[in-house]
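In: 3D, please:
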Amino acid sequence: MPSDNASGKQVRTIVISKETSQYRIVTDDPDNWRIVANRSFAQGELLEPIDDTLDIDVRGVDYVDVVLEETQEKKRVYSSISAVPCDASCAQVALEIPWCFMNHSCAPNVRDLWIKEPKDIAVFAGSLTTRAISDGEEITYDYALEQYQYAAPFECQCGVDSCRGTISGFYDLNRKEQGRLLSHASPYVQDKFRSEFVRKQVNISSFGRHLVVDYWDCDAELLNEEARLVELLALAADAAGATVMAMRSHKFEGQGVTAVAILAESHISIHTWPDAGYAGVDIYTCGSCDPLKAYSMLEKALSSGRAEYVEILRGRGDEERSILPIKKEPPLRSGLEQDGAWFYEGSVPGRRYCKINHGFSVTDVVLKECSKFQDYLVFDNPAYGRVLVLDGIVQLSTYDEYIYHDMLVHPPLFAHPNPKRVLIVGGGDGGTLREVLKHNPDEVVMIDIDEQFVRNIAACFPSVHAGSFEDARLTLLFEDASEALKRYEDAFDVAIIDCNDGVGPSEILFGEEFYATVACALKKDGVCSAQAGSMMDLEHLENMRQLMTNQIGPTTGFKLTIPVYHCGEYVFFVSSNSCDPSGPEASILAERQAKRSIVTRYWSPTVHHASQVLPPDSTLW
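Out: Just a heads-up that it's a prediction; the model follows:
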């Protein structure tokens with residue numbers, strides 16, 4: 001092995017082709033050689049035969065001089081920077097040429113393909129395209145799938161929407177990303193990850209929860225999509241708080257798929273019968289995981305019209321019966337009765353869950369549909385008028401919706417002296433938007449995850465939105481607000497979080513990370529209001545107030561009574577880091593109301609301050 005006489009470093013020289021029928025090495029930037037496609041590739045196509053790649057053992061070699069045969073251009077490749085592992089130690093001992101010139105992307109267009117030889121040895125079998133690649137397009141891959149952990153993480157500048165910001169290896173990906181990408185990582189990264197994780201789980205309890213599930217009336221096309229079902233199992237594991245160690249799947253020649261997610265905490269499996277619209281699922285977890293969260297996630301993802309499960313407690317070694325079936329007692333009445341004559345609300349989260357039923361007679365079922373995010377029901381009632389229900393929980397009625405929307409919107413907007421740019425998260429019925437527009441802002445950005453719901457519900461509640469969706473000042477985004485808001489910084493005067501209770505698609509909107517994102521999106525003098533929940537759930541209210549105080553600023557509450565709601569008395573919180581969240585004195589509020597020419601049905605300067613008064617023994621705010 002020759003050495004560099006000047007430095008004493010060990011060096012090798014490799015001569016390769018600059019161009020093949022499939023790719024070419026572009027050298028117009030001496031510091032950044034890159035690989036470019038020499039033809040178009042379809043998704044899932046093998047990018048190059050195995051023989052086109054040189055896998056060089058660089059143990060003891062400090063760098064390799066790569067020479068392009070056609071042009072004699074030379075580039076020095078350092079082992080410490082560009083080498084990758086070739087065994088479970090994850091030591092960087094192999095240099096893949098020419099792929100060492102490929103740039104990183106958090107959304108790459110190729111990934112490595114590995115096959116198992118006899119004796120279960122993993123062998124590199126080429127690179128598969130993850131999407132279609134056009135002629136002349138740069139070829140990229142994800143460094144985190146090659147390296148378990150970088151000694152010196154570096155800033156990522158790939159520029160894709162999903163960019164992670166820093167490249168630090170597979171170890172530092174979040175659990176959801178690890179679960180999604182583990183099956184695509186190199187065998188060495190997989191082995192390292194599994195051995196590290198298993199070592200941490202050695203003392204985990206044998207106690208487990210086992211759900212045996214039947215999903216009926218599912219999306220038949222989805223039940224035949226092997227890749228999509230594997231992805232759903234990874235998402236279900238993440239929802240349960242479990243860690244995916246491996247994935248196995250098989251698509252049957254006739255129809256149907258079997259897939260298994262092997263978890264550090266046990267397993268999730270699925271077997272499908274597309275013609276019957278049926279999926280049989282087994283969810284078994286130990287430790288602190290919650291299999292019911294995986295169950296709920298899969299129920300929505302599979303668009304199941306009917307789901308049943310049996311829960312079993314297992315591994316109870318210190319009990320007389322190691323296996324114990326759990327008797328599931330649903331509310332006596334919950335949801336729309338079969339004859340459509342009554343609707344019962346018995347599944348409101350918190351202290352009332354399955355303990356209280358709230359009944360409504362139904363004169364007409366106006367709409368009953370299910371989006372990929374939630375079930376929604378609209379019916380007419382002789383006392384409350386038209387009623388909206390999401391996932392079994394009443395959201396509003398035309399009789400008293402003005403109370404809700406007045407008190408969610410006007411306290412923060414009148415607290416701000418000049419609200420010109422307003423954010424609404426949720427609010428798909430349009431009532432919050434209607435009231436916001438009365439303050440004559442320059443722009444309103446509204447983000448709701450469920451386009452199907454917003455479009456379909458508008459025709460049912462014209463008096464609620466009052467045509468506000470047609471206003472030119474509205475920017476309406478159908479996205480996950482927890483992700484969409486990351487594009488905004490120092491952007492809004494007021495943010496209004498108009499979400500339902502902390503279940504289903506709204507669950508993430510009650511977390512610390514979400515409110516940290518909201519805080520970044522607000523201007524320094526910004527104000528935020530949020531629907532917080534029932535006065536019966538004091539612990540939840542205290543936690544949410546503390547969360548908003550930590551992330552946004554001092555927080556106060558507004559207490560109001562909404563007759564259509566399960567217990568009537570609800571709380572909205574207002575936070576601000578620059579102004580008093582309780583608002584200015586009544587005379588200033590009245591002056592601002594008159595100046596903005598705003599007519600309200602419930603809110604007034606007097607009600608504004610009166611609604612903040614708590615009983616003498618309460619310390620909620």
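In: give me the mean pLDDT for stretch 528-535.
Out: Taken as a whole, stretch 528-535 carries a mean pLDDT of 92.
In: and it, how far out from the chain middle?
Out: Here stretch 528-535 is found 22 Å from its chain centre; the criterion is CA atoms, centre = their mean, to the nearest Å.
In: have a look at the chain and report its longest strand.
Out: For the chain, the longest strand by residue count, based on DSSP state E, is strand 522-534.
In: which positions in it come out as buried?
Out: Residues 522-523, 526-534 are the ones in strand 522-534 that count as buried (16 or more other CB atoms under 10 Å). All C-beta spots, glycine's among them, are computed from the backbone N, C-alpha and C.
In: over to stretch 73-89?
Out: For stretch 73-89, a neighbour-count test (16+ other CB under 10 Å) marks 75, 77, 79, 82-86 as buried.
In: nearest to V61 among those?
Out: V61 lies nearest to S79 out of those, by CB to CB, at 5.7 Å.
In: would you list the buried residues of stretch 73-89 in JSON lines and tack on distance to S611, pLDDT and secondary structure?
Out: Below are the buried residues of stretch 73-89 laid out as JSON lines (distance: CB to CB, whole Å; pLDDT from 0 to 100; DSSP: H, G, I helix; E, B strand; the rest coil):
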{"residue": "K75", "distance to S611": "70", "pLDDT": "90", "secondary structure": "strand"}
{"residue": "V77", "distance to S611": "68", "pLDDT": "85", "secondary structure": "strand"}
{"residue": "S79", "distance to S611": "68", "pLDDT": "79", "secondary structure": "helix"}
{"residue": "S82", "distance to S611": "64", "pLDDT": "78", "secondary structure": "helix"}
{"residue": "A83", "distance to S611": "65", "pLDDT": "77", "secondary structure": "coil"}
{"residue": "V84", "distance to S611": "62", "pLDDT": "77", "secondary structure": "strand"}
{"residue": "P85", "distance to S611": "62", "pLDDT": "73", "secondary structure": "strand"}
{"residue": "C86", "distance to S611": "67", "pLDDT": "70", "secondary structure": "coil"}
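In: list the contacts for P108?
Out: 130, 140-142 (CB atoms under 8 Å, 6 or more residues apart in numbering).
In: try 10 Å
Out: 102, 127, 129-131, 139-145, 158, 160, 184 (CB atoms under 10 Å, 6 or more residues apart in numbering).
In: of those, buried ones?
Out: Burial by neighbour count, judged by 16+ other CB under 10 Å, picks out 102, 127, 129-130, 139-145, 158, 184 from those.
In: distance check, M245 against L182.
Out: Look at M245 and L182: by CB to CB, to the nearest Å, they are 7 Å apart.
In: average pLDDT for whatever helix or strand Y188 lives in?
Out: If you go by DSSP states H and E, Y188 is part of helix 187-200. The predicted model gives helix 187-200 an average pLDDT of 71.
In: please apply the same query to stretch 435-453.
Out: 96.
In: cool, stretch 319-336 as well?
Out: Here the average pLDDT along stretch 319-336 is 66.
In: still on that earlier bit, joint contacts of M245 and L182?
Out: 190, 193-194, 261.
In: where does the prediction get shaky in the stretch 151-300 of the chain?
Out: 151-152, 195-206 (pLDDT under 70).
In: and the strands in it?
Out: For the stretch 151-300 of the chain, the strands defined by DSSP state E, counting those that start in this stretch occupy 154-155, 166-167, 208-216, 244-251, 257-263, 266-273, 278-286.
In: save these as JSON lines, and put in mean neighbour count and distance to A227 too.
Out: Compiled in JSON lines, these are given as follows (neighbours: other CB atoms under 10 Å; distance: least, CB to CB, whole Å):
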{"stretch": "strand 154-155", "mean neighbour count": "10", "distance to A227": "31"}
{"stretch": "strand 166-167", "mean neighbour count": "16", "distance to A227": "26"}
{"stretch": "strand 208-216", "mean neighbour count": "19", "distance to A227": "19"}
{"stretch": "strand 244-251", "mean neighbour count": "18", "distance to A227": "8"}
{"stretch": "strand 257-263", "mean neighbour count": "21", "distance to A227": "9"}
{"stretch": "strand 266-273", "mean neighbour count": "22", "distance to A227": "13"}
{"stretch": "strand 278-286", "mean neighbour count": "22", "distance to A227": "16"}
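In: tell me the contacts of L292?
Out: L292 touches 209, 211, 239-240, 283, 285, 309, 311, counting by CB under 10 Å, 6+ apart.
In: give me that answer again for 8 Å
Out: Counting by CB under 8 Å, 6+ apart, L292 has contacts 211, 311.
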